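1. Starting from these lines, generate the structure:
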Amino acid sequence: MTSQQQPWIIVGYVNVLPVVKEFAPGSVIVIDEPDVIRNRDLKSALDGAVMLRELIGWEYQLPGAADEFYNTYPDLDPALIAPLLEYATPFAARLAERYGLPGAGAGAAQVMRDKALLRKVTRAAGIANPASQEVGSVEEVREFAAAHPGSLVLKPANRQASVGTRVLHALDGLEPVWADCLTQDEGYLVPDRERELRMLVEQYVRGEEFSVELLVREGEVLFSNVTGKLLYPGDRPIELGHSVPAAGISAALGELLVAETGKVLRAVGFGSGMVHCEWIVSEGVPYLVECAGRFPGDGIPMLIEEAYRINLAAEFYTVMQGGRPDPLPQEAAGGAAVRFVQAEPGEVVSVTGVEEARELPGVLSLSLHLEPGQTVRQLRSSWDRAGSVMTRGATPEEALANAEAVTAAITVRTTG
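-> Take a look at the predicted model:
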């Protein structure tokens, strides 16, 4: 069997899969949870997708799932295994080990998937972390607060997309806030079965927020980028926008953030793949927020490809097959940004300015599918955002200004 005939295994469906140009016809096996396949109607979504070889339903988030899969398909002989979703990373890493392919490493993926474990491991390696503790009740939160005065963050140790995360500047009304954090709805994106939930309380770190994206081959960094982050106002730390590279960042801080991310990877023993590591910089010190062994979300990969003039996906798939890409650029050729639309929760009354906004300078894409009568949900996680715009510019600052101008041109009126 030649390498061209070997299947590419993708764990976790994302909407862009059917149009990824790196996928040859009939080359891709998509693995997802049976409940997700049914609830998202993925069979219909992938109907006619020329890249698809097979859609396999597998409860991949359960213990031992990768080893069970390997023993069920011992002769599959894949060319690569790639996780595209946060919950897919441990399964994909272990499956890559079983088939003898490049991957993050099962140990590294398990630590990175668990925010509590990541804190322990990286703190032991000398990386700055906020004080953090697992908690199971309001009383335990109060005990932590007594020992760590100041603002706090409540968040799950094992969820994604800011689900169940709140910033507390006071303990008034803690009981309903705690209950709210425990009430999590990821809809059709997760299996129907009950999943363990573990909560953390942490010291709140005030500062500028960034993420670092690395392409890594056997522990060697082949490409790095620092992304700037903006948050929606309020007590839920949900991203309002990103700039690539980070707008206004100094070269020294960018180098420090990349170096600290490298320390995280060495601490967990990361092998090969994409890394998306989030940081808060307070008084010049980067504090680790979390680190994922996968592509970033929020359109950041497209922003990187635009700003650096590279095909990041193709370079990633080369690495995951054991290859080495040609040298990648160390500096961006321009800037790119994404900005998410702000709208008050409630029933949509009208949406204006969209067509005019599309004609503004630098627009790469504009996604807004709200119509009168639809509902804008309360912003509880990244899944609740109403739309987005991506823009380019000669610099990150210009790209971000273009994105802000586009969103400012759009008005969403709701009953809220």
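
2. Every contact and neighbour count from this point should use C-alpha atoms.
-> Fine.

3. Give the residue spans of the protein that score low on pLDDT.
-> Low-confidence segments of the chain (pLDDT under 70): 1-4, 19, 159-162, 184-189, 192-193, 416.

4. Map the structural domains onto the sequence of it.
-> Split into domains by automatic domain parsing, the chain comes to 8-101, 131-203, 205-333, 334-416.

5. On the three-state scheme, residue 260 is what?
-> Put simply, residue 260 is helix when judged by DSSP: H, G, I helix; E, B strand; the rest coil.

6. Roughly how far does the residue nearest to it when sequence neighbours are not counted sit from residue 290?
-> Excluding the flanking residues, the one nearest residue 260 by Cα to Cα, 6 or more residues apart in numbering is residue 127, at 7.3 Å. Separation of residue 127 from residue 290 (Cα to Cα, to the nearest Å): 12 Å.

7. swap in residue 56?
-> For residue 56, the distance to residue 290 - Cα to Cα - is 30 Å.

8. Between these two, point out the one with more neighbours.
-> Taking neighbours as other Cα atoms under 10 Å, residue 56 and residue 290 compare with residue 290 leading, 20 against 14.

9. contacting residues for the more buried one?
-> Applying Cα atoms under 8 Å, 6 or more residues apart in numbering to residue 290 gives the contacts 112, 115, 118, 277-279.

10. Which ones among those lie within helices?
-> 112, 115, 118 (DSSP state H).

11. of these, buried ones?
-> By the neighbour-count criterion of 16 or more other Cα atoms under 10 Å, the ones in helices among the contacts of residue 290 include these buried positions: 112, 115, 118.

12. Next up, the contacts around residue 80.
-> By Cα under 8 Å, 6+ apart, the neighbours of residue 80 are 7-9, 96, 101-102, 317, 320-321.

13. ok, now with 7 Å
-> Residues in contact with residue 80 (Cα atoms under 7 Å, 6 or more residues apart in numbering) are 8-9, 101, 320-321.

14. residues of stretch 408-416 that come out buried?
-> Those buried within stretch 408-416 under the rule 16+ other Cα under 10 Å are 410, 412-414.

15. ok, longest strand in the chain?
-> The longest strand of the chain (DSSP state E) is strand 220-231.

16. Show which residues not belonging to it make contact with it.
-> Outside strand 220-231, the residues within contact range by Cα under 7 Å, 6+ apart are 209-216, 237-247, 254, 258, 328.

17. which residue ranges form the helices in the chain?
-> Taking DSSP H as the test, the helices found in the chain are 34-39, 42-45, 65-72, 89-99, 106-113, 115-124, 138-147, 174-182, 251-268, 300-308, 312-320, 354-358, 396-408.

18. Just name the most buried of the ones you listed.
-> When you average the neighbours per residue for each of those (mean count of other Cα atoms under 10 Å), helix 89-99 leads with a mean of 24.

19. So which elements touch that one?
-> helix 65-72, strand 80-83, helix 106-113 (3 or more Cα pairs under 7 Å, 6 or more residues apart in numbering; DSSP states H and E).

20. Kindly recompute the last result at 10 Å.
-> With contacts taken as 3 or more Cα pairs under 10 Å, 6 or more residues apart in numbering; DSSP states H and E, helix 89-99 sits against strand 8-11, helix 65-72, strand 80-83, helix 106-113.

21. Give me the contacts around the first one.
-> By Cα atoms under 10 Å, 6 or more residues apart in numbering, the list of residues contacting strand 8-11 from outside reads 17, 23-24, 26-33, 51-56, 58, 60, 76-89, 91-92, 95-96, 317, 320-321.

22. tell me the contacts of the closest residue to residue 378 other than its chain neighbours?
-> Leaving out its chain neighbours, the residue that sits closest to residue 378 by Cα to Cα, 6+ apart is residue 345, at 5.1 Å. Residues near residue 345 by Cα under 10 Å, 6+ apart: 375-379, 384, 386, 413-416.

23. Reformat those into JSON lines and put distance to residue 139 next to each item.
-> Formatted as JSON lines, these follow (distance: Cα to Cα, whole Å):
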{"residue": "375", "distance to residue 139": "36"}
{"residue": "376", "distance to residue 139": "34"}
{"residue": "377", "distance to residue 139": "31"}
{"residue": "378", "distance to residue 139": "28"}
{"residue": "379", "distance to residue 139": "27"}
{"residue": "384", "distance to residue 139": "30"}
{"residue": "386", "distance to residue 139": "36"}
{"residue": "413", "distance to residue 139": "41"}
{"residue": "414", "distance to residue 139": "39"}
{"residue": "415", "distance to residue 139": "38"}
{"residue": "416", "distance to residue 139": "35"}
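
24. can you list residues touching both of residue 127 and residue 290?
-> In contact with both residue 127 and residue 290: 119, 264, using Cα under 10 Å, 6+ apart.

25. Let me know whether residue 254 touches residue 212 as I believe.
-> Yes: assessed by Cα atoms under 10 Å, residue 254 is found in contact with residue 212 at 8.9 Å.

26. Any chance you could list residues touching both of these two?
-> Going by Cα under 10 Å, 6+ apart, residues that sit against residue 254 and also against residue 212 are 224-227, 245-246, 260.

27. Could you identify the most distant pair in the residues you listed?
-> 245 and 260 (17.1 Å; Cα to Cα).

28. if we can go back for a sec, and the contacts of residue 345, which is closest to residue 68?
-> Residue 68 lies nearest to residue 384 out of the contacts of residue 345, by Cα to Cα, at 35.0 Å.

29. Chain neighbours aside, what residue packs nearest to the closest one?
-> Nearest residue to residue 384, sequence neighbours excluded (Cα to Cα, 6+ apart): residue 377, at 6.0 Å.
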